[in-house]
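Trainee: I need the structure of the sequence given here:
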Amino acid sequence: MNRSAIRELAFQLIYSNEIQKDKNIEEQIDLFLLSNDIKSDNAKEYINDTIKGIEENKKEIENLVEKNLKADWKLERISKIDLSLLKLAIYEIKYKEIPYKVAINEAVELAKKYGEDSSKNFINGILASVIKELNK
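Mentor: Numbers count the residues shown, from 1 in each chain. Okay, here's the model as predicted:
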């Protein structure tokens, strides 16, 4: 299983957690791994680390998203799919030191697959602003 496929699985679980708002992250991860028959140690490690890392840094990640929205936008206005993709990409860039070009490209590709027509441009724009802010 390649990193893109593993990242897509992580995104699916992030999205599921956005919808369910279940606070038992450990249980959600275990159920997800089991129900998707994920046996790869790389995939398990990446998903565990990513989901827990996003949860631990949730406030900071959401603040970065909110600061880079247009003036009349609020976090609640963003679709759950777009928000999940933004959280994943920002976590990878800020906490995992994944090259920002890779993280942005992967998020945009997932947005094309799962999001609305405008999602890829929206995500690209927000992440570009976040990168500028992080590089200050």
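
Trainee: centroid-nearest residue for this structure?
Mentor: Central residue of the chain (Cα atoms, centre = their mean): Leu88, 1.9 Å from the mean position.

Trainee: right, and that residue touches Gly53 too?
Mentor: No: counting by Cβ atoms under 8 Å, Leu88 stays clear of Gly53, with 10.1 Å between them. Yep, even glycine has a C-beta here, placed from its N, CA and C like the rest.

Trainee: hey, where'd the strands end up in this structure?
Mentor: Counting by DSSP state E, the chain has no strands to list.

Trainee: could you list the low-confidence segments of it?
Mentor: 22 (pLDDT under 70).

Trainee: neighbouring contacts of the helix ranked longest in it?
Mentor: Determined from DSSP state H, the single longest helix within the chain is helix 3-20. The contact list for helix 3-20 (Cβ atoms under 8 Å, 6 or more residues apart in numbering) reads 25, 28-29, 32, 36, 38, 40, 42-43, 46-47, 50-51, 54, 80-81, 83-85, 87-88, 106, 109-110, 114.

Trainee: go on, stretch 35-54?
Mentor: Residues contacting stretch 35-54 (Cβ under 8 Å, 6+ apart): 1, 3, 5-7, 9-10, 13-14, 17, 25, 28-29, 32-33, 61, 87-88, 91-92, 95-96.

Trainee: turn the buried ones among those residues into a named PyMOL selection, would you?
Mentor: A single PyMOL command is used to select the members of the contacts of stretch 35-54 judged buried by 16 or more other Cβ atoms under 10 Å:
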select buried, resi 6+7+9+10+13+14+17+25+28+29+32+33+61+87+88+91+92+95
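
Trainee: can you give me the neighbour number for Gln12?
Mentor: Look at Gln12: counted by other Cβ atoms under 10 Å, it has 16 neighbours.
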